[in-house]
Every structure is written in structure tokens, then in C-alpha cells.
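*Asks:* My questions are about this predicted structure, shown below with the sequence.
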Amino acid sequence: MYGDPALPPDFVSLPYANPNAPKGGKVVFGNTGGFDSLNPFTLKGTVPWQLRFWGYESLMGRSWDEPFTLYGLLAESIEVPEDRSWVEFTLRAEARFSDGSPVTVEDVIWSYETLGTKGHPRYRGFWGKVEEIKQTGPRSLRLTFNTADRELALIAGLRPILKKAQWDGKDFGSDPIEGTPIGTGAYAVADFEPGRFVALSRNPDYWGKDLPFRRGTQNFDELRIDFFGDQTVLFEAFKAGELSAVREFNADKWDSTYDFPAITRGDVVKSEIPHQRPSGMTGLVMNTRRAPLDDWRVREALLLAFNFEFINGTVTGGVQPRITSYFSGSALGMLPGPAEGKVLALLEPFKDTLLPGTLEGYTLPQGDGSKRNRSNLRKAMKLLAEAGWDVSDGVLRNEKGEALELSLLIRQGDSEMKTISEIYARAVERLGITLSAETVDNAQYVERQNAYSFDLTRYRRELSLSPGNEQRYYWGSDGVTQPGSRNLMGMDSPAAEAMIDAMLTAQAPEDFTAAVRALDRILTAGRYVIPFWSFDAGRIAHIKEMRFPETLPIYGDRTGFMPDVWWYQAD
């Protein structure tokens, strides 16, 4: 996106991969819930989240040590003009699908068209910016764009490529559990039992095994995912030796519960993986499509009532710091105090529509650490009164006499969320608000989120050091009504979309950073999410036979790290 790639044309391997890593071994991971689909490219059904990353490839691939750089994968060469109004790819002659058939230009064009029109909504935004896609040679094709957007050439390189012939005479995604799409990746589904497990085997004839981009990666012979009813049962299975590795997101549990015999014997190892990526956002998202959550004063009152200091102490032992903004912890995060310089210039045209705190500076409410949190509750009651809500006989009601009742949607097995909801419900009860927890199974949870059928629910949005077009999918106005978008809060902000436009057209890093910081202000001051604690490092407990390189990517433990660059070593 800016400057030159960090790796030279003759690089041996990615900097965080071990080119001499041995091949072999089987590892077993655990998911909660279940699955009723093995097609990760449609909205229909619940899919093991790992499948999209383990079995499929695109024309280009990411280096997780560089925020804005891609390298050739299925494509051997890429050509773009100075204005990036088009991009042309030439396929590698040796590229093959997992069934051994060659990857053709026809497959690539069909993949773009099908995903853009029939695939998951995450793929459709890009397709709307393609003016034309056509074959330009035996192994080459060109995409021409209808929008000034410097990132489109990179996004074009990241669409998954599927086999057209598999779907001749069939509707794409019509048989989600049996019709597993054929991809080009090193792994393919070998066996499964709906809701119980899915196993993937490494193809010994994988076409790209000798590419420098792939050297030292995809080392395990078999990857298996077992499914459990909740996290507690999953953890017990790990302690019993049924799973190879687990990620722990609670620092207090990491310190207090990982002392079982396998760790004492040295059969299980605790590894902490630092990173430099933004905090992202974890918390309770409020659905602004529903009244009264469409009123920022009500959302601010709910933020004030969330006694973070007390809840954090209860759930994590108080050792994990709070997320302060969507891009906090990175150079892209908003700066404290009033907006200045380029950030101010970007925001000023929208000053009449921005919520309080966007220009002046916004910080999350801070409690006094006590269980009752009286000071913040008084502030919350004042805001609720301004919004037209008053207490009558201990119940908060509006002028129509309607009580303020909210529900919190929880995925079955999320014991941590249950604890949080119980504490929070007692807090808002003091304001006269009824908050009820609604626990549903995995399939219902996904369906309800896709249909935006909730008031509040747990929310996690990973953000990168190279934010771009996906931001519109996260926060864009299309997601207010389009089912299945990532815009769970239902925000509709012309100012936010203008900041995304500024990010996508920036030609200098400082302009890009200013646009992201301005967007961060709009999101944070929007009071859409009640933030939890940040994950300052990845925490992975794993069997001693699982190894990873000493050199770590700047993204740390994220997609592309485990199991991608790990290997099995018995001695």
C-alpha cells in the first residue's frame, strides 16, 4: 500500500516461519457449540470458523509481519497502474485444487462473480466496486474498478478461489453439510460428524509446498476440531489430554487454574505470545435499531451503570486493563483530549452531527471501585431523565408508562458472560431497569445475530494495523438492514463512512493515520459498545510436542500463527 515490501524477491520463507520445520503429527483443537455446514462462504448455517483459513487460498497471501503487504500465492505476478484503477494477475502454471485439477482463469472469474452475488455478505461489498473482470491471456485476468480506492487491488488478491466445475448444475451452498467447497489449500476435510467433530488431512501432493511463501508452514499431517457443550467441559477435556492446545483469554484463570498435573509434569506448556496490533473491541454491543438504545443518552447511562472496576476484579482478578477505544494500544488509536490538526480537519465538516465528546475528547466512565458505584449511577439517572425516563414505584418508565426492559443474548456455554450479566443486572436494577439474560444454543445465537434480534450481546471485533474496506462492512449503513453484516450495533454515520473513504484514498501514511484516528473517535464517542478488558498478549497452553518459531510476527497469535507456523516434534 505504501513504500516497498519488506522481503526481497528471493526470500527463503516468511520471517516468522521455520523453513526447516518437520512435517507430521496430529493436533486436536476444541470449539464450543456445534456446526451444521462445511461451506464457510455462504450465510446459511453454522460453520467451524477455522475452515475458511485452513483449506482455501487466494491469489495473494498476507505476511503477518507487515500491515499493508501481500505476496504472490496462486498468482505468480501482479500488475497495477499508478492510480490503481485496475489490477492484473497471472496465475502460476503449477497451481492446483486439492483434487489435482489445475486452477484456471475461468475458476477465478467464476469465484469472484459467485462470491460477489451469492456468497456471504462479507464478499459483496468488493464486488460492487468491480466495473469489469475479464481474461487477458491463457493464465491472466484483469479487474477494473469503478471506485477511487487504493486498497481494492490488494483486496482483489484476497478472495478465496473455488472450483467452478464442482457447482455445475447446482446452486452454490445448496448442500452446506455435504457440499464442502473444493479449494487449493494444503488441507481438505477428510471426515466429520455433524456437531461432533471435523478432521482435515494435509495433502502430501499440495501444489504450493515448495513456495517460499509456504516454506515452514502447514506442517501437521492432521488437524481435528472436537465440539463441546461449553467452555468448562472443553477445558476438562484438555486437562484430560483429549485436546492438544487451548487459548486462554482470562489472565486470572491463566495464573490460577493452569496448575494441573500435565503442566506440573511438563507434558503441557504455557506460552505467552506478545503482539503489536490494536486492542479491537470486546464488550457488550447495544443494538441501536431498537428503542431506546437509539438514544445516545440511554447508551451512556448503561455505560455508567457498568461497574467495570468491580466486574473486572471479579472476572479477571483486575489484572487486564480496559479497552479505551477501538484502535487503542497502537499508533492508530485516537489521542486524548480535543481533536487537532488533520484529525480535526476531517471531522469539522460533520461537527453538527457528531455526538458529544467526538471533537472535545471522550473517555469511558470510571467507577470508584466500590460495589455500589453510586456516583456513576447518579450521573446515569440524570441522563435517563433527560431522555424522558423517570422512576415510578421502583421501575423506570417513559411518558407512555412503558418500562425500560432489556434482554442480553448469551451463547450457550459462555459461563463468563453469565457471571457478567448477573452483576450487571443487579446494577441496572438500581436504576429501575430490568435486564434479563437469554441463553440460546450455537445455531440460534448465530441466527439471532444475523437477524439483529437482540438488545445487547457479547461482541468481539478484531482490528488490524491495516484497516480498510472491511471497516465499511463493520460500520457501514448497508449493515443497518442487510442481514448477516458485522454492523451489529446498527450504526448509520455519514461521518464514519467519510473517514473510511479518507482512509481508502490516502496516499501518505500520515493522512491514513489521521483518518483512522478520526474514525476511532466517532466509534468510541458513539457509545455503541460497553468495553471489557484488552488482551495484551496471546495465552496458549499446548502439549510439549507442539513447537513454534522464536521469531514472532507483529500480529502475534492471530489467524496465520497457530497452527500455520507450528510443527510437531516428539523429541
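*Replies:* Thanks, I have it.
*Asks:* Just the pLDDT at G34, thanks.
*Replies:* Predicted confidence (pLDDT) for G34: 88.
*Asks:* can you count the residues close to it?
*Replies:* Neighbour count of G34, defined by other C-beta atoms under 10 Å: 17. C-beta coordinates here come from the backbone N, C-alpha and C atoms, glycine included.
*Asks:* ok, now which ones touch it?
*Replies:* Applying C-beta atoms under 8 Å, 6 or more residues apart in numbering to G34 gives the contacts T46, P194, G195, R196, F227, D441, N442, A443.
*Asks:* between those, which is closest to K342?
*Replies:* T46 (43.0 Å; C-beta to C-beta).
*Asks:* what about that closest one, neighbour count?
*Replies:* Using other C-beta under 10 Å, T46 has 19 neighbouring residues.
*Asks:* Looks like it contacts R448 (just checking).
*Replies:* No - between T46 and R448 there is no contact under C-beta atoms under 8 Å: 11.9 Å.
*Asks:* Report the separation between A380 and R430.
*Replies:* Distance, A380 to R430, using C-beta to C-beta, to the nearest Å: 9 Å.
*Asks:* Point to the residue nearest the middle of the protein.
*Replies:* With distances taken as C-alpha atoms, centre = their mean, E462 lies nearest the centre of the chain, 4.1 Å away.
*Asks:* For the residue nearest to that one when sequence neighbours are not counted, give me its contacts.
*Replies:* Excluding the flanking residues, the one nearest E462 by C-beta to C-beta, 6 or more residues apart in numbering is G280, at 4.8 Å. By C-beta under 8 Å, 6+ apart, the contact list for G280 reads I323, Y326, R460, R461, E462, L463.
*Asks:* these two touch, right, the first one and F308?
*Replies:* Which is I323. No - the criterion here is C-beta under 8 Å, and I323 misses it with F308 at 9.9 Å.
*Asks:* quick one: common contacting residues for the two?
*Replies:* Jointly contacting I323 and F308 under the rule C-beta under 8 Å, 6+ apart are P531, F532.
*Asks:* where does the stretch 151-300 of the chain dip in pLDDT?
*Replies:* The model of the stretch 151-300 of the chain has pLDDT under 70 over residues 175-176.
*Asks:* can you give me the helices in it?
*Replies:* Using DSSP state H, counting those that start in this stretch, the helices of the stretch 151-300 of the chain run over 152-156, 231-239, 251-256, 261-265, 296-305.
*Asks:* Can you add mean neighbour count and give those back as a markdown table?
*Replies:* Converted to a markdown table, these look like this (neighbours: other C-beta atoms under 10 Å):
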| stretch | mean neighbour count |
| --- | --- |
| helix 152-156 | 24 |
| helix 231-239 | 17 |
| helix 251-256 | 16 |
| helix 261-265 | 12 |
| helix 296-305 | 24 |
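*Asks:* Now distance to V529 too, for those helices, in CSV please.
*Replies:* Shown next, in CSV, are the helices of the stretch 151-300 of the chain (distance: least, C-beta to C-beta, whole Å):
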stretch, distance to V529
helix 152-156, 26
helix 231-239, 22
helix 251-256, 21
helix 261-265, 35
helix 296-305, 9
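*Asks:* What residues sit buried inside the lengthiest helix in the chain?
*Replies:* Counting residues, the longest helix found in the chain (DSSP state H) is helix 509-525. For helix 509-525, the neighbour count (16 or more other C-beta atoms under 10 Å) marks 512-525 as buried.
*Asks:* what packs against that helix?
*Replies:* In terms of contacts (3 or more C-beta pairs under 8 Å, 6 or more residues apart in numbering; DSSP states H and E), helix 509-525 is packed against helix 341-347, helix 470-475, helix 494-505.
*Asks:* Check this structure for me, the residue farthest from its geometric middle.
*Replies:* Outermost in the chain, C-alpha atoms, centre = their mean: D393 at 43.3 Å.
*Asks:* mind checking how far it is from R374?
*Replies:* D393 sits 21 Å away from R374, going by C-beta to C-beta.
*Asks:* Equivalent analysis for I133, please.
*Replies:* I133 is 61 Å from R374, by C-beta to C-beta.
*Asks:* Same check on Y568?
*Replies:* Separation of Y568 from R374 (C-beta to C-beta): 55 Å.
*Asks:* neighbour count winner among those two?
*Replies:* Neighbours per residue (other C-beta under 10 Å) separate Y568 from R374, with Y568 holding more: 21 against 12.
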